[in-house]
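In: What follows is a predicted structure for the sequence shown.
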Amino acid sequence: MTGRADPAGGIPAEIGPYRLEGLLGEGGMGRVYLGRTPAGSAVAVKVVHRAYAADPEFRKRFALEVAAARRVQGLYTVPVVAADLDAGEPWLATAYAPGPSLQQAVGERGPLPADEVLVLTARIAEALETIHAAGVIHRDLKPSNIVLTADGPKVIDFGIARAVDVTAVTATGMRAGTPAYMAPEYIRGQQVTEAGDVFALGLVAHFAATGRLAFGGGSDHGVAYRIIEAAPDLDGCPESVRRVVARCLEKDPARRPTPAEVVRLCGGAETGGTGDGRTPTVVSAPPVTGPDAPTATAPARTPAPDAGPVTPSTPPYVALLGVVGVIALAAVLVAVLLPSSKKPPKSKQPYPVVAATAIFAKGTSGIAFSRDGRTLATGGEQGKVRLWDIATRKVRTTLIEKDWAGKPLRVLNVVFSADGKTLATRTYSHVVGVWDVAGRREIRRIEEHAYSIALSPDGKRITLGSSVGAGLWDVNSRSEDPRAHFTQEVRVTDVAFSPDGKTLASVGDASDNRSSPNNESAKLWDLTRIDPEPYGQGDPRRNLALEDVTYAVAFSPDGKTLATGGPGGDVRLWDVATGRLKATLANRRIEARDLAFSPDGRSLAVTADGGVLLWNLADRRPSAILADDDTGYGDDEIRELAFSPDGRLLAGSTLGGVDEPDEGSDSPDQYGAPDDREANNGVRLWEVPSGSAPSASP
């Protein structure tokens with residue numbers, strides 16, 4: 001990075017000629033800072049993470065993106081003012097647009113009046129005219145990329161995200177961008193033209209007028225399916241806006257209006273009118289000047305676009321521009337701009353789709369297979385830990401986790417020991433229980449606020465991830481204190497024992513503890529050398545060079561490889577002996593909430609939008625998409641994964657809230673086949689495709 005570090009603030013003091021005043025946002029590709037020119041003007045400085053900057057192909061594509069962005073100069077766009085493509089961490093500076101994003105505006109004050117939506121839509125259409133005239137297609141137009149300023153809307157964000165992958169096809173077959181605002185042809189992998197931006201404009205106008213998504217919310221794949229197959233839901237959209245939106249949302253791109261035609265459809269809005277001769281009045285946003293300008297230290301948080309209708313309180317657009325200036329950033333750091341001469345390859349689902357063979361166990365919040373693979377344990381509401389017969393999908397046994405007063409506790413996670421004799425539970429109420437499965441009795445209780453749990457292979461030790469590290473308890477001890485505590489000043493979101501039980505891996509969220517000396521988000525601890533004093537443990541065996549946030553960790557069956565995943569989506573494979581990075585499985589558009597090695601170590605399952613992505617580790621390529629049905633789409637996010645011991649089955653759980661029949665239920669699967677829409681939460685069960693599972697008999 002061409003900057004000088006600021007030890008106190010945790011951010012660079014300067015980048016290039018710009019003095020940095022705060023962090024505006026960050027994502028998997030890099031960070032955005034609020035900066036100042038030597039004369040005091042505000043700029044947004046976008047810096048690429050060093051991990052991507054080390055890739056020559058990335059730098060080449062990034063250079064193309066910067067060149068494309070520099071060609072865009074218009075009244076309703078944000079100009080590029082400088083860039084350094086040769087820096088250790090390349091950066092791009094744009095003019096800073098003070099004002100709330102459209103996403104924030106609607107979320108905080110409700111939908112805009114119809115006449116103001118027409119003015120807004122016409123001006124965004126003018127911005128698209130400017131962008132398209134420069135030979136660029138935006139490809140990620142959405143409310144969070146539109147900033148409402150005193151000078152009108154500004155279409156923001158140029159160039160980093162697309163530099164990561166010009167073809168923009170993710171590992172699950174989804175294209176880069178925001179699915180809720182994608183055109184049908186983009187989702188299908190067909191050639192994308194300027195008409196794709198017009199489709200997104202129609203969705204933006206509908207959101208501004210109603211506070212809702214025209215194709216509904218839910219999983220990315222579910223939304224994408226409706227965009228391709230279903231008509232938009234325009235109920236509640238004012239008629240004057242509805243006429244414009246309906247034209248923009250034509251499935252056939254040839255039938256959509258051009259941006260210039262959109263301006264005309266808005267009825268004179270291009271001259272500042274509203275279609276009936278009136279001119280809307282807006283209050284100017286305060287200028288961003290001097291030392292009192294905003295210096296945000298965390299990413300701007302915007303309401304979820306699928307959170308349902310927004311009820312207006314006071315007239316929105318009139319007062320909103322007095323809001324403190326921010327740049328709204330979503331999970332992908334900056335929006336997508338690609339020269340329109342680039343023709344992406346045609347692609348639908350690039351990998352085989354495997355449909356779930358069963359969806360059952362509603363209300364599940366955790367899953368684990370027994371050693372023989374015949375039983376699946378699930379957690380859930382009312383303290384119920386159910387042990388299911390996999391063959392019949394009937395409940396064999398129900399264990400009840402209760403507090404000291406006998407009140408049932410919500411069970412969030414369940415974990416079997418490798419020998420299958422012990423089962424651990426993590427509850428919502430700071431209680432961790434350890435059960436003797438055969439005796440159906442709780443043999444250990446630990447009252448700790450745990451974010452994650454794991455049992456050692458022999459079932460004799462349990463580790464809990466907390467907000468300050470990982471604690472290790474002896475299952476057979478009566479002591480309330482841990483046998484050892486491994487300091488890691490992060491929220492430890494996942495823990496795992498190596499297959500031989502000699503190493504403990506702990507990963508977590510270090511984003512709020514960047515200045516702490518022990519804030520690495522991933523550590524490997526040596527369990528063969530434990531000091532007598534629990535809180536005096538030595539240095540970790542290895543620190544892994546990871547980003548601030550890591551969700552999941554897993555050891556390979558031979559214990560030689562460690563896999564980690566997080567919000568950026570990429571899965572990293574590490575050499576346990578050296579701590580060095582062996583490979584990265586690029587999957588940047590999907591959060592890796594959980595991952596699991598197959599028992600033979602040949603495959604790695606990773607949670608994905610609406611399903612699971614199965615990687616072949618020999619060639620480091622995805623081999624299949626596991627989803628609810630053969631369309632490749634799913635309605636719920638898979639949060640937890642577990643392979644059966646023989647590797648022939650994979651279970652995935654979502655967060656549910658509906659109770660289940662207790663043991664003795666007459667129905668093996670009360671909730672029907674996988675296509676039963678009432679069965680859209682709970683456990684999914686897949687048969688692992690041949691070639692991914694061991695060929696030997698269990």
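Out: All right, it came through fine.
In: Looking at the chain, which strand is longest?
Out: strand 18-26 (DSSP state E).
In: so what strands line up beside it?
Out: strand 12-15 (antiparallel), strand 30-36 (antiparallel) (DSSP bridges).
In: Now the first one - C-alpha only, PDB.
Out: Spelled out, it's strand 12-15. What follows is strand 12-15 as a C-alpha-only set of coordinates in PDB (Å, rounded to 0.1, in the frame of the first residue of the first chain):
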ATOM      1  CA  PRO A  12      -3.600   4.000   6.900                       C
ATOM      2  CA  ALA A  13      -2.900   7.700   7.600                       C
ATOM      3  CA  GLU A  14      -2.700   8.400   3.900                       C
ATOM      4  CA  ILE A  15      -3.000   6.700   0.500                       C
END
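In: in it, what's buried?
Out: For strand 12-15, burial by neighbour count (16 or more other C-beta atoms under 10 Å) applies to 12, 14-15. C-beta coordinates here come from the backbone N, C-alpha and C atoms, glycine included.
In: Can you verify Ala246 is assigned to a helix?
Out: Yes. Counting by DSSP: H, G, I helix; E, B strand; the rest coil, Ala246 falls inside a helix.
In: what about it, how many residues close to it?
Out: If you count neighbours by other C-beta atoms under 10 Å, Ala246 ends up with 16.
In: any idea how far Gly196 is from it?
Out: 17 Å (C-beta to C-beta, to the nearest Å).
In: leaving aside the residues next to it on the chain, what's closest to Val385?
Out: Nearest residue to Val385, sequence neighbours excluded (C-beta to C-beta, 6 or more residues apart in numbering): Leu399, at 4.2 Å.
In: So which other helices or strands are in contact with the helix or strand harbouring the one you found?
Out: Using DSSP states H and E, Leu399 falls within strand 394-400. Secondary-structure packing of strand 394-400 (3 or more C-beta pairs under 8 Å, 6 or more residues apart in numbering; DSSP states H and E): strand 384-389.
In: Tell me the strands beside the strand it packs on, with direction?
Out: strand 375-380 (antiparallel), strand 394-400 (antiparallel).
In: how does this structure divide into domains?
Out: 3-339, 353-687 (automatic domain parsing).
In: Please produce TSV containing these, extended by mean pLDDT.
Out: Compiled in TSV, the domains of the chain are given as follows (pLDDT from 0 to 100):
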stretch	mean pLDDT
domain 3-339	72
domain 353-687	81
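In: can you confirm Ala180 is in a strand?
Out: No. In this structure, Ala180 is helix, not part of a strand, as judged by three-state DSSP.
In: related to what we said a few turns ago, show me which of the buried residues of strand 12-15 is closest to Asp419.
Out: Distances from Asp419 to these, taken as C-beta to C-beta, are shortest for Pro12 (51.0 Å).
In: Confirm for me that Ala246 is in contact with Glu239.
Out: No. In this structure, Ala246 is not within contact of Glu239 by C-beta atoms under 8 Å, at 10.3 Å.
In: if we can go back for a sec, give the buried residues for the strand holding Leu399.
Out: 394-395, 398-399.
In: my guess is the residue nearest to Val385 meets Asp436, correct?
Out: No. The criterion here is C-beta under 8 Å, and Leu399 misses it with Asp436 at 10.2 Å.
In: which neighbours do these two share?
Out: Glu442 (C-beta atoms under 8 Å, 6 or more residues apart in numbering).
In: State the distance from the nearest residue to Cys248 once chain neighbours are set aside to Pro257.
Out: Among residues not flanking Cys248 along the chain, Gly202 sits closest, at 2.7 Å (C-beta to C-beta, 6+ apart). Separation of Gly202 from Pro257 (C-beta to C-beta): 9 Å.
In: Pick out whichever of those two has more residues nearby.
Out: Neighbour count, other C-beta under 10 Å: between Gly202 and Pro257, Gly202 has more, with 26 against 19.
In: right, and the secondary structure at that one would be what?
Out: helix.
In: ok, how many other residues are close to Pro689?
Out: Pro689, neighbours per other C-beta under 10 Å, totals 15.
In: Please report how far it lies from Pro622.
Out: 11 Å.
In: intersection of neighbour lists for these two?
Out: Residues touching both Pro689 and Pro622 by C-beta under 8 Å, 6+ apart: Leu614.
In: I'd guessed Phe236 sits against Thr210; true?
Out: Small correction: residue 236 is Gly, not Phe. Yes. Using C-beta under 8 Å, Gly236 is in contact with Thr210, at 5.2 Å.
In: give the contact list for the residue most central in space within the chain.
Out: Residue closest to the mean C-alpha point of the chain, counted by C-alpha atoms, centre = their mean, is Glu591 at 3.9 Å. Neighbouring residues of Glu591 by C-beta under 8 Å, 6+ apart: 331, 551, 566-569, 607.
In: all helices for the chain, in order.
Out: 50-53, 56-70, 102-109, 114-133, 160-164, 184-188, 195-210, 220-229, 239-248, 259-265, 316-320 (DSSP state H).
In: so which of those helices gets nearest Leu649?
Out: Using C-beta to C-beta, these put helix 220-229 closest to Leu649, at 22.1 Å.
In: Which neighbouring elements make contact with the closest one?
Out: Helix 220-229 packs on helix 184-188, going by 3+ C-beta pairs under 8 Å, 6+ apart.
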